[in-house]
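**Q** okay, here's the prediction I keep looking at, along with the sequence it came from:
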Amino acid sequence: MRAHELSPADPKPRRWPAVFPPAAMLAVMWLVEIFDRILPGQWERFGIRAWDFSSLPGIVLAPLLHSDWNHLIGNSLPFLVLGALVALEGARRFWLVTLIVALIGALGPLFLTAPGTITVGASGLVFGYFAYLLTRVFVAREMRHRLLFGVIAVVIVLLYGGAMLTGIFAAGAGVSWQGHLTGAFGGLAAALVLRDRPRDPQSSSPLGGRA
């Protein structure tokens, strides 16, 4: 059997838009909220419960769950915008950053809140993406990438900088500043861990590095 090589006439492999991974994840969040309202029971109980290690599956489930429609709507646009900017480097990079942020971001709700407190919502990921994009300005390997992320950083600071600072230092009822803070640390860690990946000439990433 001979391996087939793509010729110039062959169609290029399909490349999904950068917005597709976060949009797909956001669609799941909306479906989860719809079913949570239709079906009996409160799915928020599957979130991260402080100091309860039986709730560790909540590390995966909590970002998909929200306390009400206002909570979900408030997270939707920043999650989509910042997630799409992270996904500019490829879907694989987006999922790796999301995984790292989710794991580190869970430490705040698990260990820094009162025992029994349940934390849900995608805001930890939002803060993680924000911190990741800002950190990429300093750790990107190529100068053109640093300049690009510099422009991105200026835009997201203008759009969300005030809200991010308020979210980290807010201590009001129902606001998980602990999850916001550790989510931001997760984004910082993701940028450092993924900073020096070797270049892949076959990469489909719009920025030219490995996704």
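**A** Good, I have the coordinates. Numbers count the residues shown, from 1 in each chain.
**Q** tell me the contacts of the residue nearest to residue 60 when sequence neighbours are not counted?
**A** Nearest in space to residue 60, with sequence neighbours left out and distances taken as CB to CB, 6 or more residues apart in numbering, is residue 102 at 7.0 Å. Where C-beta positions appear, they are placed from N, C-alpha and C, glycine not excepted. Residues in contact with residue 102 (CB atoms under 8 Å, 6 or more residues apart in numbering) are 59, 60, 63, 124, 125, 128, 186.
**Q** same thing with residue 185?
**A** Residue 185 is in contact with 104, 105, 131, counting by CB under 8 Å, 6+ apart.
**Q** from the residues you listed, which single one is nearest residue 156?
**A** residue 131 (10.4 Å; CB to CB).
**Q** does the closest one touch residue 182 like I think?
**A** No - applying CB atoms under 8 Å, one finds residue 131 not in contact with residue 182, separated by 10.5 Å.
**Q** got the end-to-end distance for stretch 108-120?
**A** This stretch, stretch 108-120, spans 12 Å end to end (CA to CA, to the nearest Å).
**Q** how about it: buried residues?
**A** Judged by neighbour count using 16 or more other CB atoms under 10 Å, the buried positions of stretch 108-120 are 108, 109, 110, 113, 117, 118, 119, 120.
**Q** from what I see, the fifth one and residue 111 are in contact.
**A** No - in terms of CB under 8 Å, residue 117 does not count as a neighbour of residue 111; the distance is 10.9 Å.
**Q** list the residues that contact both of these two?
**A** residue 50.
**Q** hey, which helix or strand in the chain has the poorest pLDDT?
**A** Lowest by mean pLDDT, DSSP states H and E among the helices and strands of the chain is helix 143-169, with a mean of 73.
**Q** buried ones in the following helix or strand past that one?
**A** Counting by DSSP states H and E, the next helix or strand C-terminal to helix 143-169 is helix 177-193. By neighbour count on 16+ other CB under 10 Å, the buried set for helix 177-193 is 177-191.
**Q** just give me how far stretch 38-58 sits from the chain centre.
**A** On the basis of CA atoms, centre = their mean, to the nearest Å, stretch 38-58 sits 20 Å off its chain's mean C-alpha point.
**Q** just to revisit the earlier point, tell me which of the contacts of residue 102 is nearest to residue 28?
**A** residue 63 (9.7 Å).
**Q** for the closest one, which residues are in contact?
**A** 29, 102, 121, 122, 124, 125.
**Q** would you write a ChimeraX line that selects the buried entries of the residues you listed?
**A** This is how ChimeraX selects the buried members of the contacts of residue 63, with burial counted by 16+ other CB under 10 Å:
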select :29,102,121,122,124,125
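**Q** I'd like the contacts of residue 63 as TSV, with secondary structure, pLDDT and distance to residue 93 appended.
**A** As requested, the contacts of residue 63 are exported to TSV (DSSP: H, G, I helix; E, B strand; the rest coil; pLDDT from 0 to 100; distance: CB to CB, whole Å):
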residue	secondary structure	pLDDT	distance to residue 93
29	helix	97	21
102	helix	97	15
121	coil	94	23
122	coil	95	18
124	helix	94	19
125	helix	96	14
